[in-house]
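>>> Pasting the sequence and the predicted model now:
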Amino acid sequence: QVQLTESGGGLVQAGDSLRLSCAISGSTFYSYAMGWFRQAPGKEREFVGAVSRRTDGEWFADSVAGRFSISRDNAGNTGYLQMNKLHPEDAAVYYCAAARVGPWYIPRVEHEYGYWGQGTQVTVSS
């Protein structure tokens, strides 16, 4: 059974950085593209960014492009979302997700992902 577990959320100030982790168990990480989504109170869950199984393919939402990055440690079965220059509007519950797709494909919508973590809260004070 594939399980994803996020960690690293917390309270930071605007302009700070934070790194979220997503550990996969029950399977090997290199078999999946990895994505990150977030959901703020009263809003729908939205796409943040994703990387293909091949780490040279990535895609980010316009709202975070240039500030956020994703990396993956396939040997360690862990992925990371590095968030820099955080804004108060980045505050949300962040979810990692895994999709079993081809090596170059970057899934960007929820229904493409078959596995989800439980979410981790990120709070950004102004």
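That came in fine, so what should we check first?
>>> Run through the residues that contact the closest residue to residue 14 other than its chain neighbours.
Sequence neighbours aside, residue 126 is the residue nearest to residue 14 in space, at 5.1 Å (criterion: Cβ to Cβ, 6 or more residues apart in numbering). Quick note: C-beta positions are derived from backbone N, CA and C, even for glycine. Under the criterion of Cβ atoms under 8 Å, 6 or more residues apart in numbering, the contact list for residue 126 reads 13, 14, 88.
>>> Top of these by number of neighbours, please.
Compared across the contacts of residue 126, residue 14 has the highest neighbour count, 14 neighbours, by other Cβ atoms under 10 Å.
>>> Check the contact between that one and residue 125; I expect there is one.
Yes: with contact defined as Cβ atoms under 8 Å, residue 14 reaches residue 125; the gap is 6.7 Å.
>>> Please name the residues that touch the most centrally placed residue in the chain.
Most central residue of the chain, judged by C-alpha distance to the mean C-alpha position with Cα atoms, centre = their mean, is residue 36 at 2.5 Å. Residues touching residue 36, when contacts are defined by Cβ under 8 Å, 6+ apart, comprise 20, 22, 48, 49, 50, 70, 81, 94, 95, 96, 97.
>>> among those residues, which are in strands?
Under the assignment DSSP state E, the contacts of residue 36 contribute 20, 22, 48, 49, 50, 70, 81, 94, 95, 96, 97 to strands.
>>> was I right about the fifth one contacting residue 64?
The reference is to residue 50. No: counting by Cβ under 8 Å, residue 50 does not reach residue 64; the two are 11.6 Å apart.
>>> Looking at these two, which one has more neighbours?
Comparing residue 50 with residue 64 by other Cβ under 10 Å, the one with more neighbours is residue 50, at 27 against 21.
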